[in-house]
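**Student:** compute the structure for the input listed below.
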Amino acid sequence: MTIRKHLTNIIPSLPGFKSSKPVLEIRWVLLLSMFFFTGKSYTQGSLSQAFAAVESSYKLKEKCDSAHINSLNRVLAGFVSLYPDSVLVLLEGVQKVCDECKYTIGRVEALRLKGDAFNNKRMYDTALSILNEALLLAGKTGEPRSRWIILNNLGTVYSGKGNYLLAYEKYYAALKLAEAGGDKEMVGALLNNLANIFYFQKKFDEAEGYYKKVLELAMEIQDTLSIAIAYNNLGEIYLVKKDYVKALQFLNQSLATGKGFNNAELRMAAKVAMAQVYGEMDSINRSENIYNEVIEESAQFDDALYAAYGYLGKAKMIFRLGNLDESLTLANRGISFADQIGQRNLVRDGYELLADIYASRGEGMKAFDSYRLFKISSDSLSNLEIERAAALQEASYEYTKKELEFQKKDLQQRWLIFSAFAGVFTLGIVLFISTRNRRQLNKVINTLHDKNQEIENQKSALEETLNKLQSTQAQLVHAEKMASLGELTAGIAHEIQNPLNFVNNFSEVTSELLGELLEEMEKGDSKEAELIAADMKQNLEKILLHGKRADGIVKSMLNHSRTSAGKKEPADINGLCDEYLKLSFHGMRAKDKAFQSQFSTSLDPSVGKIEIIPQEIGRVMLNLFNNAFYATSAKRASKAIGYEPMIKLLTRKTGNTVQVIVEDNGPGIPQSILDKIFQPFFTTKPSGSGTGLGLSLSYDIITKVHGGKLMVESEEGQFTRFTIELPVGQA
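**Tutor:** Below is the predicted model:
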């Protein structure tokens, strides 16, 4: 859990805080020490006490004292992320005082805090409206610092909406102003926010570069808390990049640097990351102990987020040790905390862990229910990202379309006006003296030539814009179609990377142990040398184990792949289809232990080898077989009397084509939707069970890539039959 909110976003943004050593009244110093650095959890009672303390310290006649208004805003700033509703109520009073006293600077800060409060309530549009009002008013105060702080907050709102393009725009605009104003604290905060966007987009190399800049600047201005946060963020970058040694170095530096602040959030975030690192390195007991510390500390500070991280992390470690009952209890508790605060990512991970636990306990139905909830959570998160991307694409498309329409109408109007003017002007010229007529006519001709050239240039520009838009739309559709392939590739890469990481890490540790062994042998301490040698032996065994694991994964990949790179080559179509039929069957059995189905093959030996792209045809066959097994499984679940699931695979040579037929005796496809099944994103499966891209992609592979045909026949309640026709192209 990376600290995504830079604390310098809070304190330097308050009115009156101008430098690293501000001169503040004693009352505000006491409030800061009371509420920001005690390490205790904030309550609404704390907010009321702080607000009342400032109010009571001023006499009624001092209501319009700017220091009084600034102090009220500072108190509310400390609680805006914790209790936005209460802060909004109190801000109404502050705004009223600012209006009565005509104190514009105080009103700007009150509006900024109001925008932050609505942002914390996820009411993004309201937050944007209020912050834009604050930005406009800040331009009239002559106080430039407010402008770049508000621009930073606008970037944060756009980032929350997933509109990273506008977030970049606002952050960079604020960064330019802050650098020009010499505000190094705010420059560090903005660099951190830009790094956060790269992190959210999984551009970890770019994020690493920006976090290092934040660390360098924090060291320059001796901002210890920001240094600790930067160390933590860099540690998590190396965690996701699987460089565990560096990750532990930075996380330990974060804990050591932030120790003096007693900042619970920073401390728990670093511990959660360290526990994940040790878990990845198979140090299960050490990881479990750290998760226990997180659980205890989250209870102390009543922090549901880190309670969820602690319980789910510990449940995963306990599950790996084989203690199924305890891991089940911990996982349910973690899901409860995550659901309580709306952390859908953690809820999704919790249900995935529950599915594994129930499967290991042999409780198939509970495992299935947990996996279904995991899929629902995953689809919900995926749909949210797709909605954000689609909204951005749609906005861009609508803007471009309206711009094209406007330019087209403008060109038409200008052309009509110009044509009318040229006609009238030409008629008038005929009535004048021939010399003057000739001179004016030449001028008109030259003008017409320039205008025509301008129109041609604009036409070319419009055509280029339209082509780019169509290309972008085509790329979006293609990217959606290839999403499943991307997930498969990522999974394979992950499977290979894991054992390689273990080999690298244990090799590094063994190298260090070898140095220690030589030192102990020189000292003559044979017992210590024997212990180190035993550790080295254990590490070497793990290196050998994970090396064999990586070797097995690579061999398995080679056995299931072909040598071509998207090129057609001679391939045994009978063997290929039979291989993927069995692969699909065993895949279904692996997902559902209760799955049962019969299948039969009738393969024409005269088919022989034909010119195809084996990987692509294999993808098509796997999709057809998976759909067939899914259909028969669904019909079997309906408990039809006397029903026996059956899948048939037939191949035959007919003239210059080879036919591959896949038939199932499932529930069939209604005639009303039969002509839609090859459309992108159309699926007959329940919501969350299919993407609607499998048959569309298969159709493109057969028809566009191989020049063949993909046809379907179905009778509702009886059967579904897919027929593939491929050109012979005998090798």
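
**Student:** can you pull out the strands in this structure?
**Tutor:** Assigned by DSSP state E, the chain shows strands spanning 569-572, 598-603, 609-612, 646-654, 657-664, 709-715, 719-727.

**Student:** hey, which of those strands is tucked in deepest?
**Tutor:** strand 657-664 (a mean of 22; mean count of other CB atoms under 10 Å). Quick note: C-beta positions are derived from backbone N, CA and C, even for glycine.

**Student:** sorry, back to before: and the strands of the chain: which comes nearest Lys635?
**Tutor:** strand 657-664 (8.9 Å; CB to CB).

**Student:** who touches the closest one?
**Tutor:** 573, 577, 607, 610, 621, 624-625, 628-629, 631-632, 645-653, 708, 719-728 (CB atoms under 8 Å, 6 or more residues apart in numbering).

**Student:** then stretch 349-365?
**Tutor:** Contacts of stretch 349-365 (CB under 8 Å, 6+ apart): 308, 312, 315-316, 319, 324, 327-328, 331-332, 334-335, 338, 366-368, 370-371, 373-374, 377, 593-594.

**Student:** need the strands of the chain in JSON lines (columns: mean pLDDT).
**Tutor:** What follows is the strands of the chain, written out as JSON lines (pLDDT from 0 to 100):
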{"stretch": "strand 569-572", "mean pLDDT": "90"}
{"stretch": "strand 598-603", "mean pLDDT": "92"}
{"stretch": "strand 609-612", "mean pLDDT": "91"}
{"stretch": "strand 646-654", "mean pLDDT": "93"}
{"stretch": "strand 657-664", "mean pLDDT": "95"}
{"stretch": "strand 709-715", "mean pLDDT": "93"}
{"stretch": "strand 719-727", "mean pLDDT": "94"}
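
**Student:** for the stretch 401-550 of the chain, which segments count as helices?
**Tutor:** 434-481, 483-523, 526-559 (DSSP state H, counting those that start in this stretch).

**Student:** got the contact list for Leu88?
**Tutor:** Here Leu88 is in contact with Lys114, Ala117, Phe118 (CB under 8 Å, 6+ apart).

**Student:** one more: Ser584?
**Tutor:** Per CB under 8 Å, 6+ apart, neighbours of Ser584: Leu622, Phe625, Asn626, Phe629.

**Student:** in space, what's closest to it - neighbours in sequence excluded?
**Tutor:** Nearest residue to Ser584, sequence neighbours excluded (CB to CB, 6 or more residues apart in numbering): Phe625, at 3.6 Å.

**Student:** what is the neighbour count of that neighbour?
**Tutor:** Other residues near Phe625 come to 25 when the count uses other CB atoms under 10 Å.

**Student:** quick one: contacts for it?
**Tutor:** With CB under 8 Å, 6+ apart, Phe625 has these contacts: Tyr580, Leu581, Ser584, Phe585, Ile647, Val662.

**Student:** ok, so of these, who is nearest Ser71?
**Tutor:** Nearest member of these to Ser71, counting by CB to CB, is Ser584, at 69.4 Å.

**Student:** can you give me the pLDDT of the closest one?
**Tutor:** Looking at Ser584, its pLDDT reads 84.

**Student:** how far away is it from Leu622?
**Tutor:** 6 Å (CB to CB, to the nearest Å).

**Student:** which residues of the stretch 51-200 of the chain score low on pLDDT?
**Tutor:** 51-63, 82 (pLDDT under 70).

**Student:** cool, the stretch 201-350 of the chain as well?
**Tutor:** Using pLDDT under 70, the flagged stretches of the stretch 201-350 of the chain are 261-262.

**Student:** now do the helices in it.
**Tutor:** 204-220, 224-240, 244-257, 264-280, 284-300, 304-321, 324-340, 344-361.

**Student:** distance to Glu713 and mean neighbour count for these - can I get that in CSV?
**Tutor:** Shown next, in CSV, are those (distance: least, CB to CB, whole Å; neighbours: other CB atoms under 10 Å):
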stretch, distance to Glu713, mean neighbour count
helix 204-220, 49, 18
helix 224-240, 49, 24
helix 244-257, 55, 19
helix 264-280, 51, 23
helix 284-300, 55, 18
helix 304-321, 47, 23
helix 324-340, 46, 19
helix 344-361, 37, 20
